[in-house]
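1. Any chance you can model this:
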Amino acid sequence: MGFALKVLTPDRVLVDADAAALVLRSSDGDMTVLDGHTSVVAGVVPGVVRIDPDEGEPLRLAVHGGFLQVDTGPGGEGPSGLATEVALMAGVAELVSEIDVQRARRARDEAEALLADLRAGRPEEGREPSAEEEGAASALARAQLRLEAAGATEPTR
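-> Below you'll find the model as predicted:
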């Protein structure tokens, strides 16, 4: 018997299942949530999240930041007698099976080219990046995360 897990985005409930484990990177470091986990609220940093369901194959998601809430209280059926409910709330999260790898590669290439153009001839040290540079760097990070989650980090150019 695992715990109740929901992965929520503003658009939909991405995952609503019983899970044996949730593996992610929080603002405090890597963490694994199991049934009976201590109640906690934590920031989730962008990264690949793995869900080990009670039954079936593990799910992988690209999560672009968010928050994790683990609530544990009495009433569980496991050996601890505690019930665990977990919610991962993210502005953007995608199941690996839904990632368009070719689109992510194009986005990565476009962001890299834009960053190179914006940085051309400008010294890196001691200057603040422009808003346009920050936007391009964010787009590059999102594309790279999608490719990492999909296992497609090697370019096919």
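2. Quick test: name the residue nearest the centre of the chain.
-> Per C-alpha atoms, centre = their mean, the C-alpha nearest to the average position across the chain is that of residue 63, at 1.9 Å.
3. low-confidence ranges in this protein?
-> The chain contains residues with pLDDT under 70 at 1, 75-82, 121, 123-126, 154-157.
4. domain ranges for the chain?
-> The record's domain parsing of the chain by automatic domain parsing lists 3-97, 100-149.
5. buried residues in the biggest strand by length in the chain?
-> Of all segments of type strand in the chain, defined using DSSP state E, the longest is strand 13-26. For strand 13-26, burial by neighbour count (16 or more other C-beta atoms under 10 Å) applies to 14, 15, 17, 19, 20, 21, 22, 23, 24, 25, 26. (Each C-beta comes from the backbone N, C-alpha and C, glycine too.)
6. so the fifth one sits right up against residue 56, yeah?
-> No - at 10.3 Å, residue 20 does not count as touching residue 56 under the criterion of C-beta atoms under 8 Å.
7. can you list the buried residues of strand 13-26 in a markdown table and add distance to residue 88?
-> Output for the buried residues of strand 13-26, formatted as a markdown table (distance: C-beta to C-beta, whole Å):
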| residue | distance to residue 88 |
| --- | --- |
| 14 | 9 |
| 15 | 8 |
| 17 | 12 |
| 19 | 10 |
| 20 | 15 |
| 21 | 13 |
| 22 | 7 |
| 23 | 11 |
| 24 | 7 |
| 25 | 12 |
| 26 | 10 |
